[in-house]
Structure formats: C-alpha cells, structure tokens
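J.: Pasting the sequence and the predicted coordinates here, then a few questions.
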Amino acid sequence: MNRAAASPVVGDYSPAQRDKAVEAIEQGAILRTSRPGLFTAVSSDGTTTYLVHAAACTCAAGLKSRRCWHRAAVAILSAPAERAA
C-alpha cells in the first residue's frame, strides 16, 4: 500500500490520518457498499460503523465537517490505480 501513502489524493491529510487509513484498508475495515462511492468504515475500537464518502463521513469528526481518516481511506480506495510502465 506504499502507493496509497504517497498518493496525491491524500495530500491534505496528516501523516497520522494517512497511516490510519492505510492500516484500516489492510485490515479490511473499509468496505464498499452497493452504492457507488459509498463505503462502511469500522471504528478504531470495532464497536461502531460509519457511512463514508470521499466528501463526508458520519463519524464525530465528519459530522463537524472535519477531515477524518475514514475519508482518507475512501480517497485511497477510490483513486484510479497507477498504470505500470
């Protein structure tokens, strides 16, 4: 997932948010839903799930219009894959 950590789509997120997003993706904590662009994210403690889109999240930070690591993870997963040369 090195591509994701360095991806420009997560450039506005803090290094800690990017790391958390990559970790969540690797652990399968960000799941696609049947709706395009909409994901379910499992909270850090595993007790809650949030609906997440690249533009919004239902977590506490997202409800305050703040960027959260859930949105960073969705941005990574939604970014077009880089083509190998």
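T.: Great, that's in hand.

J.: For the longest helix belonging to the chain, give me every contacting residue.
T.: In terms of residue count, the longest helix belonging to the chain (DSSP state H) is helix 15-26. By CB atoms under 8 Å, 6 or more residues apart in numbering, the surrounding residues in contact with helix 15-26 are 1, 4-5, 10, 13, 30, 41-42, 44, 67-70, 72-73, 75-77. From N, CA and C alone the C-beta is placed, and that goes for glycine too.

J.: Please check those and keep the buried ones.
T.: With neighbours counted using 16 or more other CB atoms under 10 Å, the contacts of helix 15-26 contain these buried positions: 4, 10, 13, 30, 41-42, 67-70, 72-73, 75-77.

J.: Please report how far the most centrally placed residue in the chain lies from residue 39.
T.: Note on the chain: the residue nearest the mean C-alpha position is residue 73, at 1.6 Å, using CA atoms, centre = their mean. Noted for residue 73: a distance of 8 Å to residue 39, by CB to CB, to the nearest Å.

J.: joint contacts of the two?
T.: With contacts taken as CB under 8 Å, 6+ apart, residue 73 and residue 39 have 30, 52 as neighbours in common.

J.: next one: stretch 71-80 to chain centre, how far?
T.: 5 Å (CA atoms, centre = their mean, to the nearest Å).

J.: The residue nearest to the centre of the chain - that's part of a helix, no?
T.: Yes: assessed with DSSP: H, G, I helix; E, B strand; the rest coil, residue 73 lies in a helix.
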